[in-house]
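Engineer: Sequence and predicted structure, then a few things I'm wondering about:
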Amino acid sequence: MNIELTDVTRTFGRNKAVDGVSLAVGPGVFGLLGPNGAGKTSLLRMLATVLPPSSGTVRLLGRDPARPAARTEIRRRLGYLPQNLGYYPAFTVAEFVEYFALLKEMPAGQVPRAVAAAIERVDLGPKAKSRLRTLSGGMLRRVGIAQAIVNEPELLLFDEPTAGLDPEQRVGFRALIRDLGRQATVVVSTHLVEDVGAACSEVGLMAEGKVVFRGAPDELIAQGAGSELGDSALERGYSAVLAASRKRVAA
Amino acid sequence: MNGPDDIDLNRVWVNVAAEIWRRQPGRAERTAARLLRSPGLARALVTTPSLLLPWLIATTIVFAVGALTQLGAGQPLVWLIAPAVAAVGIAYAYGPGLDPAWELSCSMPVSDRLVLLTRAAAVLGVNAGLGLIASAATLGTHVSTGTVQLTIGWLLPMTAACALALAVAVAVRSAIAGAGAGAGAWIILVLAHGAAGGPAGAGSGLSAAALSSVVADANLYLPYLAVAACGAAIVAFATRPQRGLL
């Protein structure tokens, strides 16, 4: 298993953002669904080794990220697209992707080809020499995806990757993560249910900091049988699971 | 023999694009990559000028605190806290407030603390150099006995402490060890100088005036420069050219 979480909790003051999550995820595409404030981003930041857990144990790629040497090894094999991708406006697309390839400690000789391949995979070849400040929001998102995949990571974490992408680009992105998921563990956090249905082999649904559902997309669809809340079968399953979770909390 | 149909055009194009888009690192970046044993760290260092606002803020804080020490000449503790305030300014210039890609940088194997330490050494080194040039240019005038001299008085020790910290950090690949060595050396120097009573007229024992004399004592300027040079030499020795780097 590339991700092993045991009773992981993360608190910010009195707020419990992640509440006792236990999860084991192997290669494939894992979709993390949930409403705003469910704890998806906090969980993803812990998987990205940016945020330590308040309690519980995390093992990534068979290593303990609490140990500095192991954390460095994990980070070499990690790709991360944060929800808010900060960028340097004066950098070109190629310079930005190259910068993070170097920070990922890729051998310098391999960097130019890896950068070119990553930029081509997100269809930004014609913009490779363009300054980031001249790009649209959707293009910047693809730059973020390119830097995440440049080191061919074993563990890929995408936080709202399709935000700002047009429908055609979203279709292309889903194909890309299906392809990446053949060898790596890809975690996609999103509130767009259709992305999960089209690209993910497994789904986790978070609410109030807990994972309240885990299974295949078809199993989530089955949860919505008889429900009328939602436009698609997957949305009905999503809404039904959330409603049941809220009822349990209220009770 | 393969015909044209067997050629993977995508693969060919990626190789062509890699050559077209390849950035040629400048001499400074190649040297920094060799000295720091990390092309990523070198790139983070040489991109600092492109992150102009953080650089300007850090520099302004460094010189503003230098001026403050002149105003507070009668308040010796200002001398001791000034370096810490400047370091906080540099740290903030790298933190989430001003570095847009900070969140992403935190997930990288190149330690963000090492990047911070390298940038701090760069900012202080450049400012110390500027201070030395300004001091030489105004030699013999009333300016050279004023703010410039005092600024250099603590810029030099900070540069020396930072160079030592960077040398240790690069040699043992631990920013925490480096920061500990730099801070430890500084504390030992301040206490030892204070215990010795500092220069004539600074008082005796561990008084605030004696402690602060460590940054005001002109006799220590050369030792500070020597420590900074030794730090650089240790970095150079510990990071002899290796294959795989720029």
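Structural biologist: Sure thing, it's come through.

Engineer: For the rest of this, base every contact and every neighbour count on C-alpha atoms.
Structural biologist: OK.

Engineer: how about the strands in the stretch 1-150 of chain A?
Structural biologist: Under the criterion DSSP state E, counting those that start in this stretch, the stretch 1-150 of chain A contains strands at A:3-12, A:15-25, A:28-33, A:55-60, A:78-81.

Engineer: Nearest to chain B, out of those strands?
Structural biologist: In terms of Cα to the nearest Cα, the element of those nearest to chain B is strand A:78-81, at 7.3 Å.

Engineer: tell me which element B:A177 is part of?
Structural biologist: Element membership for B:A177, per DSSP states H and E: helix B:175-195.

Engineer: Same question for A:L156.
Structural biologist: Assignment of secondary structure by DSSP H and E places A:L156 within strand A:155-159.

Engineer: partners of that strand in the sheet?
Structural biologist: Applying DSSP bridges to the sheet, strand A:155-159 is found paired with strand A:78-81 (parallel), strand A:185-189 (parallel).

Engineer: if we can go back for a sec, would you turn the strands of the stretch 1-150 of chain A into JSON lines with distance to B:L164?
Structural biologist: What follows is the strands of the stretch 1-150 of chain A, written out as JSON lines (distance: least, Cα to Cα, whole Å):
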{"stretch": "strand A:3-12", "distance to B:L164": "37"}
{"stretch": "strand A:15-25", "distance to B:L164": "41"}
{"stretch": "strand A:28-33", "distance to B:L164": "46"}
{"stretch": "strand A:55-60", "distance to B:L164": "35"}
{"stretch": "strand A:78-81", "distance to B:L164": "32"}
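
Engineer: winner for burial among these?
Structural biologist: Comparing the strands of the stretch 1-150 of chain A by mean neighbour count (mean count of other Cα atoms under 10 Å in any protein chain shown), strand A:78-81 ranks first with a mean of 29.

Engineer: Get me the contact residues on chain B for chain A.
Structural biologist: Neighbours of chain A within chain B, by Cα under 8 Å from any Cα of the partner chain: B:14-15, B:17-19, B:21-23, B:38-41, B:43-44, B:50-51, B:99-110, B:244-246.

Engineer: Next step: those restricted to helices.
Structural biologist: Mapping these onto helices (DSSP state H) picks out B:14-15, B:17-19, B:21, B:39-41, B:43-44, B:102-105.

Engineer: hang on, isn't A:E98 packed against A:R113?
Structural biologist: No - at 10.0 Å, A:E98 does not count as touching A:R113 under the criterion of Cα atoms under 8 Å.

Engineer: And the two? Which one has more around it.
Structural biologist: When A:E98 and A:R113 are compared on other Cα atoms under 10 Å in any protein chain shown, the one with more neighbours turns out to be A:E98, at 29 against 21.

Engineer: excluding its backbone neighbours, what's nearest the more buried one?
Structural biologist: Counting by Cα to Cα, 6 or more residues apart in numbering or on different chains, the nearest residue to A:E98 once its immediate chain neighbours are dropped is A:V115, at 5.9 Å.

Engineer: burial count for that neighbour?
Structural biologist: Taking other Cα under 10 Å as the neighbour definition, A:V115 ends up with a count of 31.

Engineer: Identify the residues contacting A:E228.
Structural biologist: With contacts defined as Cα atoms under 8 Å, 6 or more residues apart in numbering or on different chains, the neighbours of A:E228 are A:R236.
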